[in-house]
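Engineer: Whatever this is, show me its structure:
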Amino acid sequence: MEKEARYFLTYDMLGDLKRSGPVQWKVDRARTEDVKDHMLDLIVMIKLIKPSLPSNIDVSKMIDYALFHDNEEVITGDITGFEGVSSEEKERVNKVAMNYLINKYSNIMNIENSLEDYEEKKDIEAKIVYMLDKMSSCIPFLKYDYEQKVDMDNPKIIASLRNNPGVVKLKDQGLSLGEIFYVWHLRKVYFSDEELVKYNITRETADSIVNTIKKFMEAIANQIKQLNQIVDDFPKEAMIYRNINDNEEDNIRRSSR
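Structural biologist: Below you'll find the predicted structure:
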């Protein structure tokens, strides 16, 4: 089990790797989302929307994509275009990292097909996870907005990000950072005509999948504004031993005390 243990410890490092977004936007919170949080969120989202997806969708394959799609980040880090790294350079180092992981661990995990098929959006399962991946990226920011942990005018935020024309335009329309992420990533939730042919699906099926994701995300966005009510609804007798870290300025938990 030496190689299995080595892979597990490699994968576990993703829990120590913060997602770049909250770091770059200087979110004022003791704990922000890490890459492993993001992967687990995707798996839970997949399980929740499963009953609303077409019956022939391979959910097991989707979960594999969610588990492996960001594996290379344990080596490369969570690179974004705002760090001055070109898309070509990002693609190059990602490929080096992916090849390393594939060569090292493909004989113990179905990592090769998952990594390469996801990158190419080879099948409809990969496309659905890709859309969920984009939308899940806005959820932490909607929460950070609610907790008032975001200052979009913070001068420590890199200028290329803070002054991005698309961000400035939506900010001038009165949108918060979470709402900007929501609008931005919602544009990725669609099937092109070419993809209908590629995945051998009808427009009706495609629209059903897209509407499922949009309805789910709309419900999440609405309920985030009521997070304190969700916590207040927990049975209080079961919360008496719950450890609350006062250093983590969590408005939701404070409201439930």
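
Engineer: mind listing what Leu177 touches?
Structural biologist: Contacts for Leu177 (CB atoms under 8 Å, 6 or more residues apart in numbering) come out as Trp25, Phe141, Tyr144, Asp145, Val150, Met152. All C-beta atoms are positioned from the backbone trio N, CA, C, and that covers glycine.

Engineer: do that again at 7 Å, thanks
Structural biologist: Trp25, Phe141, Asp145, Val150, Met152 (CB atoms under 7 Å, 6 or more residues apart in numbering).

Engineer: and the residues you listed, which of them are in helices?
Structural biologist: The helices, defined by DSSP state H, take in Phe141, Asp145 from the contacts of Leu177.

Engineer: With distance to Tyr11 as extra columns, can I get the contacts of Leu177 in TSV?
Structural biologist: Below are the contacts of Leu177 laid out as TSV (distance: CB to CB, whole Å):
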residue	distance to Tyr11
Trp25	26
Phe141	25
Asp145	31
Val150	30
Met152	34
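
Engineer: from the contacts of Leu177, which single one is nearest Tyr7?
Structural biologist: Phe141 (31.1 Å; CB to CB).

Engineer: Run a quick check on the closest one versus Val183, I expect a contact.
Structural biologist: No - Phe141 is beyond contact range of Val183, at 11.5 Å (criterion: CB atoms under 7 Å).

Engineer: Pick out whichever of those two has more residues nearby.
Structural biologist: Phe141 (24 against 14; other CB atoms under 10 Å).

Engineer: State the distance from the more buried one to Tyr118.
Structural biologist: 23 Å (CB to CB, to the nearest Å).

Engineer: Lys143 too?
Structural biologist: In terms of CB to CB, Lys143 sits 26 Å off from Tyr118.

Engineer: and what of Met39?
Structural biologist: Distance, Met39 to Tyr118, using CB to CB: 12 Å.

Engineer: Looking at those two, which is more packed in?
Structural biologist: Tyr118 (25 against 22).

Engineer: tell me which residues in the strand or helix carrying that one are buried?
Structural biologist: Using DSSP states H and E, the element containing Tyr118 is helix 111-120. Neighbour-count burial for helix 111-120 flags Ile111, Glu112, Ser114, Leu115, Asp117, Tyr118, Glu119 (criterion: 16 or more other CB atoms under 10 Å).

Engineer: Pull the most distant pair out of those.
Structural biologist: Across the buried residues of helix 111-120 (CB to CB), the longest gap, 12.3 Å, separates Ile111 and Glu119.

Engineer: Could you give the number of residues near the closest residue to Asn164 other than its chain neighbours?
Structural biologist: Closest residue to Asn164 apart from its sequence neighbours, by CB to CB, 6 or more residues apart in numbering: Phe82 at 7.7 Å. Here the number of neighbours of Phe82 (other CB under 10 Å) works out to 17.
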